[in-house]
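Colleague: pasting the sequence and the predicted model now:
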Amino acid sequence: MSDYVQKIENALDALGERKSRPRQLLAEKLGTLAVEGHGFTVEELWTALRAENPSLGRATVFRTVKRLVDAKILDLIDFLDGTKLYRVCGESLIDTGHHHHLACLQCHAIREFTFCLPADQIERVSRKENFWVQSHSLTLYGLCEFCRPQQP
Ligand SMILES: [Zn+2]
Ligand SMILES: [Zn+2]
Ligand SMILES: [Zn+2]
């Protein structure tokens with residue numbers, strides 16, 4: 001069992017999700033996706049899991065995915081074209097910890113990077129605007145090395 005699968009199992013325990021065969025399959029599938037680094041939709045995840053477990057409901061998968069986002073196991077990356085992809089790179093899961101994403105507008109590849117907004121700047125905005133900042137998100141959109149036009 002990979003480290004990721006174990007951490008995902010632990011997170012599901014902490015969420016009070018009952019141990020079951022579908023739960024185990026979900027953890028294993030997410031463990032594989034964590035290694036591959038691909039983004040996925042709930043539909044795609046559900047379709048993959050249903051191959052082994054035809055009675056698995058879409059609502060169950062959707063609910064669990066949502067809870068794993070809250071637990072910072074999964075990240076949700078919102079593309080500007082309406083595509084929403086989940087990725088198994090939450091800050092509770094990966095060694096990098098707090099991070100943000102580079103998102104390719106053409107192939108929807110997602111990568112993480114560790115640059116963050118300077119804490120003192122966030123603090124300054126918070127004071128100036130009299131706004132209690134609790135979290136932030138930052139995604140840089142563009143073209144990955146494979147989707148850029150090749151240099152002549
Ligand atoms: Zn991430
Ligand atoms: Zn790309
Ligand atoms: Zn940050």
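Modeller: Structure received. Numbers count the residues shown, from 1 in each chain. Ligands and ions are numbered 1, 2, ... in the order given.

Colleague: any stretches of the protein with poor pLDDT?
Modeller: Across the chain, the ranges flagged by pLDDT under 70 are 1, 152.

Colleague: could you tell me which residues of it lie near ligand 1?
Modeller: Asp75, Cys89, Glu112 (Cβ under 5 Å from the ion). Quick note: C-beta positions are derived from backbone N, CA and C, even for glycine.

Colleague: please flag which of these sit within strands.
Modeller: Of these, the ones assigned to strands by DSSP state E are Asp75, Glu112.

Colleague: most neighbours among the residues of the chain next to ligand 1, which one?
Modeller: Highest neighbour count within the residues of the chain next to ligand 1: Asp75, with 24 neighbours (other Cβ atoms under 10 Å).

Colleague: flag every buried residue along the biggest helix by length in the chain.
Modeller: Counting residues, the longest helix found in the chain (DSSP state H) is helix 21-36. Neighbour-count burial for helix 21-36, counted by 16 or more other Cβ atoms under 10 Å, picks out Pro22, Arg23, Leu25, Leu26, Ala27, Glu28, Lys29, Leu30, Gly31, Leu33, Ala34.
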